[in-house]
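Asks: One predicted model, sequence on top.
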Amino acid sequence: MKTITYLTVIIIFLSVILFPQTEKTEQQKIRNKTETNFSKILNATTTHFFDINKMRTPVINNGVIADASINNIRGLQYDEGTLVFSGGIILSGYKNNSFWANAIASASRMVDYLPGVFDTINPPVNQLFKVNVNDPPFGTEWQNWINAVNLGADFYDGNKDGIYNPVDLNSNGIWDSNEDRPGLIGNETTFFVYSDKLAPALRRFTNSTPIGIEIRQTTFAFANSDYALNNVLFVKYDILNKSGSDLDSIIFSAWADPDIGLLHSSDYVSTDTMLQTIYLYKTQSDPMYGANPPAIFHSLMQGPVAYIPGITFIDLNNNGVYDHGFDTPLDTAYNIRGRVLGVDTLPGAKNLGFSSSSYYMNSHMILGDPMLLNEIRFLQLGGLTTIGGIIDPCNFSFGTVVGVNCNNINRRFILSGDPVANLGWINTMAADHRTLLNIGPFNLKNNKNNVIILAYVAGRGNSPLNSVTVGKQNLTQIKEAFRRNFPVVLSAENEQDHLPQEYILHQNYPNPFSATGSSASGGNPGTTISWQSAVGSWQTIKLYDVLGREIDTIVDGYYEAGKHSTFYILNSKLPSGVYFYRLQAGNFVETKKMILMR
């Protein structure tokens, strides 16, 4: 089925279901005209192929990721094989108390978005824009970015005039900080706009009408290996409400149809709540990848910004809105924009985390593709089958609970166990899965926007399950790099040694960890601690309890500039709880929290 384009399937659907053989000649003419127009629209899409690191994929300017063919290469590629057939998003919510839902999920034949802005049928500029770190300053790509900025793309406003005008002000042939430039993130960035304006008759669910959602998508990747960034593709969704009304209770889902290698039906699914990711892995070899197939993670990097009275700020005037300089902030949200643009700090708000995870299988009776519009919402809420039945971890046909009380499992996060340690809620039925990482609910005011950033992350070890371990290590490092706004060298000419530019203490992995969580320690609780040194120096890492008492010395010695790690086995007499480990190197000091669970 996946060899057939979603356009073909929609056309077949229209001819068989919407227009029976007894239709009138005039209806047939209308149908033929509609199909022809739709074909022209879809054929007008633009595809760009990211090919700058280990994770390579087509990106289409209607929001579809991977489900395209360029030079006979199809899908999201990693090493010698394929990891994802198709990626996209699903949204649902309420407008004036009426439920709506739409999607970009091509494997399930749901593609409700078309290239271009929502309120213009044929916008003058409707294309995919690209900038690369090696583009000459003020050259063609920088000039073309003017059209991208007109559609909402980021730019660096060097001369602070509020207008993007990439001009070499002092004619020295290089970019200076007082000059404008594109909002490049990573080594390569693409930008395009699409909206949910596909006609209802051409949708899988004909009762789904255009709402007025416009999405400005930025896709970016890194070419170097710092922080495992050569194993990731980032996708930023800037969601703009052009519906004319406020949209309430929105749930945004990162949707994907991962297919690892050739044996798609032998994939297993799992959720890691600490890393806010849903991922697929194998337990056996694959003809495409051999004995060590990789694992693929679909992860939340930055959730939507939410201002919540009493939680993120004290609403002193009780108007339900955060008034900067008047109300008291209790939390802070951030918008990561890369080294060129920096980080936006938003006091009085927070970035929402993921609210649930779910999956479904093609053509399954109770856990299959949505057949009705409201079934999309069931999958987004989590803990429910496609048809709305409650999933019980204690009695789940496709999984089992190992080593913990099944009644304590949160059913909203599907199969949230650890397959490496064989602990928790574990998938027992391999299949061709489609996954959803759900975020929300949140509200979106009319003519307002909100930003969500996702990542496709891969990991490959020396065995199928070791690929899960390596993938989580990659994701942990990538999240740390993201949190620090990517402190990496971007220019190709300066990448010869990849030496760190600053000291960084990474989050230990796994965390939390338990006595059953590591075979490397012979059954004792252990965890890996990684850090990097900007220069050679004497470095110490010490362990403290919650009262600040020193428990142990983990590292004490001279380390050269570079990346380092150590596997630390805790004293078997230490009780469960929270501990802190602190790196000190010269004047640099950083502390992180670890959790021991016995």
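Replies: Right, received. Where do you want to start? Residues are numbered from 1 along each chain as shown.
Asks: so Ile366 touches Leu384, yeah?
Replies: No: the pair Ile366 and Leu384 does not pass the contact test of CB atoms under 8 Å, sitting 10.0 Å apart. Yep, even glycine has a C-beta here, placed from its N, CA and C like the rest.
Asks: More neighbours: those two, which one.
Replies: More crowded of Ile366 and Leu384, by other CB atoms under 10 Å: Leu384, with 20 against 13.
Asks: how close does Leu229 sit to Ser356?
Replies: Look at Leu229 and Ser356: by CB to CB, to the nearest Å, they are 28 Å apart.
Asks: Could you do Lys236 as well?
Replies: Distance of Lys236 to Ser356, computed by CB to CB: 22 Å.
Asks: Kindly report the same for Leu373.
Replies: According to CB to CB, Leu373 and Ser356 sit 19 Å apart.
Asks: Looking at those two, which one has more neighbours?
Replies: Under the neighbour definition other CB under 10 Å, Leu373 and Ser356 were set side by side, and Ser356 has more, 24 against 18.
Asks: ok, the more buried one to Ile391 distance?
Replies: From Ser356 to Ile391 the distance is 11 Å (CB to CB).
Asks: who touches both of the two?
Replies: Both Ser356 and Ile391 are in contact with Gly383, Ile414, where contact means CB atoms under 8 Å, 6 or more residues apart in numbering.
Asks: For the stretch 351-500 of the chain, which segments count as helices?
Replies: For the stretch 351-500 of the chain, applying DSSP state H, counting those that start in this stretch gives helices covering 373-381, 464-483.
Asks: mind putting those in TSV, distance to Ile308 and mean pLDDT included?
Replies: Output for the helices of the stretch 351-500 of the chain, formatted as TSV (distance: least, CB to CB, whole Å; pLDDT from 0 to 100):
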stretch	distance to Ile308	mean pLDDT
helix 373-381	20	96
helix 464-483	22	92
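Asks: Nearest to Ser69, out of these?
Replies: Minimum separation from Ser69 across the helices of the stretch 351-500 of the chain (CB to CB) falls at helix 464-483, 26.3 Å.
Asks: how far is stretch 376-393 from where the chain is centred?
Replies: A distance of 22 Å separates the centroid of the chain from that of stretch 376-393, by CA atoms, centre = their mean, to the nearest Å.
Asks: which parts of it are buried?
Replies: Of all the residues in stretch 376-393, those buried under the rule 16 or more other CB atoms under 10 Å are 376-386, 391, 393.
Asks: So which residues make contact with it?
Replies: Here stretch 376-393 makes contact (CB under 8 Å, 6+ apart) with 90, 92, 99, 101, 103, 251, 253, 355-358, 360, 364, 366-371, 375, 399, 401, 406, 409-414, 425, 436, 438, 440.
Asks: now stretch 320-339
Replies: Here stretch 320-339 makes contact (CB under 8 Å, 6+ apart) with 154, 183-186, 220, 301-302, 305-307, 309, 311-317, 343-351, 451, 453, 482-483, 485-488, 490.
Asks: Would you confirm that Asn231 contacts Tyr456?
Replies: No: in this structure, Asn231 is not within contact of Tyr456 by CB under 8 Å, at 9.2 Å.
Asks: Overlap in contacts, these two.
Replies: Jointly contacting Asn231 and Tyr456 under the rule CB under 8 Å, 6+ apart are Met55.
Asks: which ones are touching the most centrally placed residue in the chain?
Replies: The centroid of the chain falls nearest to Leu454 when counting by CA atoms, centre = their mean (1.8 Å). Counting by CB under 8 Å, 6+ apart, Leu454 touches Phe234, Val235, Lys236, Tyr237, Ala254, His298, Ser299, Leu300, Met301, Leu437.
Asks: now do Val167
Replies: Per CB under 8 Å, 6+ apart, neighbours of Val167: Phe138, Glu179, Asp180.
Asks: Kindly reformat those as JSON lines containing pLDDT, secondary structure and neighbour count.
Replies: Compiled in JSON lines, the contacts of Val167 are given as follows (pLDDT from 0 to 100; DSSP: H, G, I helix; E, B strand; the rest coil; neighbours: other CB atoms under 10 Å):
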{"residue": "Phe138", "pLDDT": "96", "secondary structure": "coil", "neighbour count": "19"}
{"residue": "Glu179", "pLDDT": "93", "secondary structure": "coil", "neighbour count": "20"}
{"residue": "Asp180", "pLDDT": "95", "secondary structure": "coil", "neighbour count": "23"}
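Asks: Just give me the closest of the residues you listed to Tyr558.
Replies: Looking at the contacts of Val167 and their distance to Tyr558, the nearest is Glu179, at 43.1 Å (CB to CB).
Asks: what's the spacing between that closest one and His506?
Replies: 35 Å.
Asks: My guess is Asn239 contacts Leu444. True?
Replies: Careful, residue 239 is Ile; it's not Asn. Yes: counting by CB under 8 Å, Ile239 does reach Leu444; the two are 6.9 Å apart.
Asks: which neighbours do those two share?
Replies: With CB under 8 Å, 6+ apart as the test, Ile239 and Leu444 both reach Asn450.
Asks: still on that earlier bit, closest to Val535 out of the contacts of Val167?
Replies: Minimum distance to Val535 across the contacts of Val167 is 32.1 Å, recorded for Glu179 (CB to CB).
Asks: wait, the closest one sits on Pro166?
Replies: Yes: using CB under 8 Å, Glu179 is in contact with Pro166, at 7.2 Å.
Asks: Phi, psi for the residue lying closest to Asp67 once chain neighbours are set aside please.
Replies: Once flanking residues are discounted, Asp67 sits nearest to Ser86: 3.8 Å by CB to CB, 6 or more residues apart in numbering. Backbone geometry at Ser86, expressed as degrees, to the nearest 10, gives phi -160, psi 150.
Asks: Quick check: beta-bridge partners of Ser86?
Replies: Ser86 has the following beta-bridge partners by DSSP bridges: Asp257.
Asks: Quick check: phi and psi on the residue nearest to Asp369 when sequence neighbours are not counted?
Replies: With CB to CB, 6+ apart as the criterion, Asp369 has its nearest non-adjacent residue at 4.9 Å, and that residue is Ser108. Backbone torsions of Ser108, given as degrees, to the nearest 10, read phi -100, psi 10.
Asks: Wait, Ser108 touches Thr435, no?
Replies: No: contact criterion CB under 8 Å: Ser108 and Thr435 do not qualify, at 11.7 Å.
Asks: Between those two, which is the more surrounded one?
Replies: Neighbours per residue, other CB under 10 Å: of Ser108 and Thr435, the larger number sits with Thr435, 26 against 22.
Asks: Quick check: that one vs Asn71, distance?
Replies: 28 Å.
Asks: what's the answer for Asp246, then?
Replies: For Asp246 relative to Asn71 (CB to CB), the value is 45 Å.
Asks: The two: which is more packed in?
Replies: Using other CB under 10 Å, the more surrounded residue of Asp246 and Asn71 is Asp246, with 16 against 8.
Asks: And the pLDDT for the more buried one?
Replies: pLDDT, Asp246: 97.
Asks: got the phi/psi numbers for it?
Replies: Note on Asp246: its backbone torsions stand at phi -70, psi 150 [degrees, to the nearest 10].
Asks: just to revisit the earlier point, show me the contacts for the residue nearest to Asp369.
Replies: Counting by CB under 8 Å, 6+ apart, Ser108 touches Arg204, Asp257, Asp369, Pro370, Arg434.
Asks: Go through these and flag which are in strands.
Replies: Residues of those located in strands (DSSP state E): Asp257, Arg434.
Asks: okay if I get the contacts of Ser108 as TSV plus pLDDT, distance to Trp538 and neighbour count?
Replies: Converted to TSV, these look like this (pLDDT from 0 to 100; distance: CB to CB, whole Å; neighbours: other CB atoms under 10 Å):
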residue	pLDDT	distance to Trp538	neighbour count
Arg204	91	63	20
Asp257	97	51	24
Asp369	92	59	19
Pro370	93	59	22
Arg434	97	52	23
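Asks: Skipping its backbone neighbours, what lies nearest Gly87 in space?
Replies: Gly87 sits nearest to Ile65 (CB to CB, 6+ apart), 3.6 Å away.
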